[in-house]
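**Student:** The sequence and its predicted three-dimensional model are supplied below.
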Amino acid sequence: MRYKLAAAVACAATAAIAVAGCGSGSSGGSSSAVPAQLTVWRMGSSTPSQVTWMNHVVSEFHKKYPAYKNTKVNVTWIPWTNATNDFTNALTSGKNAPDVTEIGNTETPTEASLGGLADITSDVNSWPGKSDIVGAMLANDTLSGKTYAVPWFGGVRGVWYRKDQFAKAGITSAPTSWKQLVADARKLQRKFPGTYGIDAPTNDTDAIASFIWGAGGQIAVRKGGKWTAGLTSAASEAGIKFYLDLYKQDKLSPSKYVGETELGNPGATSGGANEDFALGKLDMYIDGPWAKSEFPKNAVDSKNWASFPIPSEHGPNPAPAFSGGSDLAVWAASKYQTADWDLIQVMDSKANATSFANPQGFFPPYESALTSGAYAGSQLLSGFAKAATHTRISPLNAKNWATADETDLIIPTMMKSLMQGAPFQPTVAKANAELASVLNTGQEG
């Protein structure tokens, strides 16, 4: 999840959970005192399902911790576009701050480094749930050996396909290497004339990242307080070239995806690879499980939808997938940090994290939930769930990543230029230099 600047805070009242004017309910006392009220910041809007979920959590919180039975939990709903501004205002003014906050996981390191989030290392280390949390997700919340948040839910990309098409093309198992992926895409194109084997839109940095990581490359690494871009390493260039050749050499992705996101032209919500897959014009489609809600109503053969993780170069393990989602944190200035952490434990229990994530096409952060039970037995979700156990976030959690990716479009512009015939080495080198400059200074230089 990525925050963008906006002007004002929006609050939404709920039926059973009071909302306290976008302000903290903390006043006086110590971190272990019993609060009269707690303020929770939630990102997004107060839909009925969200309100119902929070009502359940508050009831469980009161029941599990009788000392807080009279503690009123106030929920403030912060639009994603307002979040950065609101965090900054709360930090600088010391007013209208939360006690507990949801925070996009790409923003956690920045807000922790600015002093907005409490050090909850000892709480997390004694938390029974810690040993089951996906390691890469928790690592994102740890700076200089201290933990400032816990993962709540995440979303990853994998590859959508249809089981009946695989069977008709003679494909007996999902590919686990790039060589197998290309071979299978070719088989599907031959078996189903007029279709394309797999999509490679230029404006899908999160998907491109998996191919860079899947070759053992890095987009950028931070050492000694400075970001070093890694697009020009041999491994990273192998990932870039493979993605490029899905269009240029292998002819598995159509030319219309050059300059597009997975949803079509930038800003569109349909018309791209998502619609082509839904209508049977594209055999394999890279996106997350949330894509189902974006498919057109006349999607075909939905009973055969299935998924597998994006393969790594040589297999057998999947390529790392970017895990975007939300964390839960205690606000550093809260006077009730013991109660804050107790509430977070209820919000982030395996059952509650799962019941929250599922309807949105996301996953809970628990390894055991992802590798067994409902996910493992689901034809559609099992591949995505497996991908969720192999995740990476950095450098997509860098302070200036939004500028690099959403404003300057560094990797999408590089990929589009390559697909349009630009020379490989100088084009990648230019993008690499721009990326290093933006990550370190906020400007291309």
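**Tutor:** Noted; the coordinates are in hand.
**Student:** From here on, just use CA atoms for contacts and neighbour counts.
**Tutor:** Fine.
**Student:** For the stretch 201-350 of the chain, which residues score under the pLDDT cut-off?
**Tutor:** In the predicted model, the stretch 201-350 of the chain carries no residue with pLDDT under 70.
**Student:** would you list every one of the strands in it?
**Tutor:** Counting by DSSP state E, counting those that start in this stretch, the stretch 201-350 of the chain has these strands, from start to end: 220-223, 226-229, 282-287, 305-308, 321-322, 324-330.
**Student:** so how far is residue 53 from residue 272?
**Tutor:** Separation of residue 272 from residue 53 (CA to CA, to the nearest Å): 34 Å.
**Student:** Of those two, which one has the most company?
**Tutor:** Neighbours were counted for residue 272 and for residue 53 using other CA atoms under 10 Å; residue 272 has more, 20 against 15.
**Student:** Can you report how many residues lie near the nearest residue to that one once chain neighbours are set aside?
**Tutor:** Leaving aside its chain neighbours, residue 272 sits nearest to residue 264 (3.6 Å; criterion: CA to CA, 6 or more residues apart in numbering). Neighbourhood size, residue 264 [other CA under 10 Å]: 22.
**Student:** ok, now which ones touch residue 264?
**Tutor:** 257, 270, 271, 272, 273, 274 (CA atoms under 8 Å, 6 or more residues apart in numbering).
**Student:** My guess is the third one contacts residue 263. True?
**Tutor:** So the one you mean is residue 271. Yes: using CA atoms under 8 Å, residue 271 is in contact with residue 263, at 6.1 Å.
**Student:** the more surrounded of the two?
**Tutor:** Using other CA under 10 Å as the criterion, residue 271 and residue 263 rank with residue 263 on top: 24 against 16.
**Student:** My guess is the more buried one contacts residue 270. True?
**Tutor:** Yes: using CA under 8 Å, residue 263 is in contact with residue 270, at 4.8 Å.
**Student:** Find the centremost residue of this structure, please.
**Tutor:** Centroid-nearest residue in the chain, with CA atoms, centre = their mean: residue 324, separated by 1.1 Å.
**Student:** partners of that residue in the sheet?
**Tutor:** Taking DSSP bridges as the rule, residue 324 bridges to residue 155.
**Student:** Isn't it up against residue 152?
**Tutor:** No: with contact defined as CA under 8 Å, residue 324 does not reach residue 152; the gap is 10.7 Å.
**Student:** where do the contact lists of these two overlap?
**Tutor:** By CA under 8 Å, 6+ apart, no residue touches both residue 324 and residue 152.
**Student:** quick one: which of the strands of the stretch 201-350 of the chain is nearest residue 437?
**Tutor:** Closest approach to residue 437 among those (CA to CA): strand 226-229, 8.6 Å.
**Student:** Which neighbours in the sheet does the closest one have, and how are they oriented?
**Tutor:** Counting by DSSP bridges, strand 226-229 is paired with strand 220-223 (antiparallel).
**Student:** For residue 438, which non-adjacent residue is closest in space?
**Tutor:** Residue 438's closest residue in space is residue 444 (CA to CA, 6+ apart), at 5.0 Å.
**Student:** residues touching that neighbour, list them.
**Tutor:** Counted by CA under 8 Å, 6+ apart, residue 444 has contacts 434, 435, 437, 438.
**Student:** Check which helices and strands the helix or strand where the first one lies sits against.
**Tutor:** When secondary structure is defined by DSSP states H and E, residue 434 falls within helix 424-441. Packed against helix 424-441 by the contact rule (3 or more CA pairs under 8 Å, 6 or more residues apart in numbering; DSSP states H and E) you find strand 226-229, helix 410-419.
**Student:** residues of it that come out buried?
**Tutor:** Buried residues in helix 424-441, counting neighbours by 16 or more other CA atoms under 10 Å, are found at 424, 427-429, 431-440.
**Student:** Same list (the residues you listed) but as CSV, adding pLDDT.
**Tutor:** CSV is the format used below for those (pLDDT from 0 to 100):
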residue, pLDDT
424, 98
427, 98
428, 98
429, 98
431, 98
432, 98
433, 98
434, 98
435, 98
436, 98
437, 98
438, 98
439, 97
440, 97
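**Student:** Mean confidence (pLDDT) on stretch 34-54, please.
**Tutor:** Mean per-residue pLDDT for stretch 34-54: 95.
**Student:** Only alpha carbons, please: show that stretch as CSV.
**Tutor:** Provided in CSV are the C-alpha atoms of stretch 34-54 (Å, rounded to 0.1, in the frame of the first residue of the first chain):
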residue,chain,number,x,y,z
VAL,A,34,-6.4,1.1,31.9
PRO,A,35,-7.6,3.7,29.3
ALA,A,36,-11.1,5.1,29.3
GLN,A,37,-10.8,5.1,25.5
LEU,A,38,-8.5,4.2,22.7
THR,A,39,-8.3,5.7,19.2
VAL,A,40,-7.6,3.4,16.3
TRP,A,41,-6.7,4.7,12.8
ARG,A,42,-8.0,2.6,10.0
MET,A,43,-7.1,3.3,6.4
GLY,A,44,-9.9,3.5,3.8
SER,A,45,-13.6,4.0,4.3
SER,A,46,-16.0,2.6,6.8
THR,A,47,-17.9,0.0,4.7
PRO,A,48,-20.5,-2.1,6.5
SER,A,49,-18.3,-5.2,6.4
GLN,A,50,-15.4,-3.2,7.9
VAL,A,51,-17.6,-1.9,10.7
THR,A,52,-18.9,-5.4,11.4
TRP,A,53,-15.4,-6.8,11.5
MET,A,54,-14.2,-4.0,13.9
